[in-house]
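> below is the structure, and that's it, no one-letter string:
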């Protein structure tokens, strides 16, 4: 049974332009105010505001806190929101699944595909392109390589897969490229658990690592996501000059040391990232 709000959500953006039509639809029995409220809550979350509390959601939507809490709790139960240790809300992975059907039409992926194929042909390694998705990275392209040991270190991560931002090379590149306030908020909310033998579990150590990534222009993870996997990643810049994505290549740790990884793949990755950035207007 739909839960009725004691105050209607405040219309914003595109919803505002259709509010009159929505009111007519509701009167005719063809409009659900409960669904409108649920979608409005999801729309409150942005790249700049990834974690929100009930008070902020209620104020944003002009609803009471009790009503907002009921809607948010329903979204948690359905898998569209999740809560952190402070009981604040963030979008859950299921929300991103809605966008997977349109990944093929993404401008970034389309413009990068040719350069990614060239890099794979040049190296024989799996190449990946990822963007920041909350406190994860999401793979928007992944072209499999064929070199020795490559299948084992690919970790069965395919198009649309997610991985923790703090223990992946692409994640570190994306974190390092964020504005200071946004990066600080994201790190504050991270839960650093050990995924591989060398996972960073200290936020102080993570901040120091990101400073190094900013200075050097690339990131390397050494068995941080999983045993036996080393990965190098570089940033891809958008038209605004900001980091739009990260380009990464995993290799078997037993075959290449950190120094060898940087020497053999660093220049090729940077050149490919520059081509993609140029295609994006960066």
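All right, it came through fine. Keep in mind the model is a prediction, meaning the values are calculated, not measured. Residues are numbered from 1 along each chain as shown.
> residue ranges with poor pLDDT in this structure?
For the chain, the stretches flagged by pLDDT under 70 are 1-30, 96-106.
> strands along that one, start to end?
Using DSSP state E, the strands of the chain run over 81-83, 89-91, 127-133, 136-143, 162-164, 219-222, 229-237, 243-252.
> what helices or strands is the fifth one leaning on?
Spelled out, that is strand 162-164. strand 136-143 (3 or more C-beta pairs under 8 Å, 6 or more residues apart in numbering; DSSP states H and E). C-betas here are computed from N, CA, C, even on glycine.
> contacts for the strand it packs on next, please.
With contact meaning C-beta atoms under 8 Å, 6 or more residues apart in numbering, strand 136-143 is reached by 93, 96, 103, 106, 108-109, 112-113, 116-117, 120, 126-132, 157-165, 168, 170-171, 174, 245-246.
> give me the angle between that strand and strand 243-252.
Angle between the axes of strand 136-143 and strand 243-252 is 70 degrees (criterion: axes from the mean of the first three to the mean of the last three C-alpha atoms, to 10 degrees).
> domain assignment for this protein?
Domain assignment of the chain by automatic domain parsing yields the ranges 14-91, 99-279.
> CSV for those, including mean neighbour count?
Output for the domains of the chain, formatted as CSV (neighbours: other C-beta atoms under 10 Å):
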stretch, mean neighbour count
domain 14-91, 15
domain 99-279, 18
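> next one: the lengthiest helix in the chain to chain centre, how far?
Criterion DSSP state H: the longest helix present in the chain is helix 258-279. Per C-alpha atoms, centre = their mean, to the nearest Å, the displacement of helix 258-279 from the mean C-alpha position of its chain is 22 Å.
> what's the answer for stretch 229-246, then?
Distance of stretch 229-246 from its chain centroid, counting by C-alpha atoms, centre = their mean, is 13 Å.
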